[in-house]
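Trainee: Here is a sequence together with a model predicted from it:
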Amino acid sequence: MPAHVRPNDAPLAEKYMELALEHNVMATRTHGAPWTDVWLDAADEAGLMVSFEGTWPWLMIDHIPDERALEISDP
């Protein structure tokens with residue numbers, strides 16, 4: 001068995017959410033990089049809110065990515 005845990009390993013994500021809730025963390029954010037589906041699913045199952053912080057987070061309220069973001073980025 002390897003000495004490390006893969007970043008997309010479901011048991012790791014589930015344990016993280018469990019520990020977060022045990023320490024009264026009710027919300028977190030994706031400030032470094034978007035979370036994978038494994039991590040988002042674990043947060044959803046645990047009831048932990050995730051704030052998405054993308055390239056243009058203020059434009060991604062309706063849909064990700066919002067059409068307005070695509071229009072702005074197209075020269």
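Mentor: Cool, got the structure. All values reported here derive from a predicted model rather than from experimental measurement.
Trainee: which other residues reach the longest helix along the chain?
Mentor: Determined from DSSP state H, the single longest helix within the chain is helix 10-22. When contacts are defined by Cβ atoms under 8 Å, 6 or more residues apart in numbering, helix 10-22 is touched by residues 5-6, 28, 38-39, 41-43, 45-48. All C-beta spots, glycine's among them, are computed from the backbone N, C-alpha and C.
Trainee: what's near enough to touch residue 44?
Mentor: Counted by Cβ under 8 Å, 6+ apart, residue 44 has zero contacts.
Trainee: On the three-state scheme, it is what?
Mentor: Here residue 44 takes the helix state, with states given by DSSP: H, G, I helix; E, B strand; the rest coil.
Trainee: Residue 22 versus that one, what's the distance?
Mentor: From residue 44 across to residue 22, the span is 18 Å (Cβ to Cβ, to the nearest Å).
Trainee: can you check residue 12 too?
Mentor: 16 Å.
Trainee: Same check on residue 9?
Mentor: Separation of residue 9 from residue 22 (Cβ to Cβ) stands at 20 Å.
Trainee: Between these two, point out the one with more neighbours.
Mentor: Between residue 9 and residue 22, counted using other Cβ atoms under 10 Å, residue 9 has the larger neighbour count: 13 against 8.
Trainee: What residues sit buried inside stretch 43-51?
Mentor: The neighbour-count check on stretch 43-51 (16 or more other Cβ atoms under 10 Å) flags 43, 48 as buried.
Trainee: now the end-to-end length of it.
Mentor: Stretch 43-51 has its terminal residues 11 Å apart, counting by Cα to Cα, to the nearest Å.
Trainee: now do stretch 29-43
Mentor: Stretch 29-43 end-to-end distance (Cα to Cα) = 11 Å.
Trainee: mean confidence for that stretch?
Mentor: Mean per-residue pLDDT for stretch 29-43: 84.
Trainee: Would you mark the buried spots in stretch 16-25?
Mentor: So stretch 16-25, judged by 16+ other Cβ under 10 Å, has buried residues 16-17, 20.
Trainee: Could you export those residues as CSV, including pLDDT and distance to residue 71?
Mentor: Below are these laid out as CSV (pLDDT from 0 to 100; distance: Cβ to Cβ, whole Å):
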residue, pLDDT, distance to residue 71
16, 91, 37
17, 95, 36
20, 95, 37
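Trainee: Great, nothing more from me.
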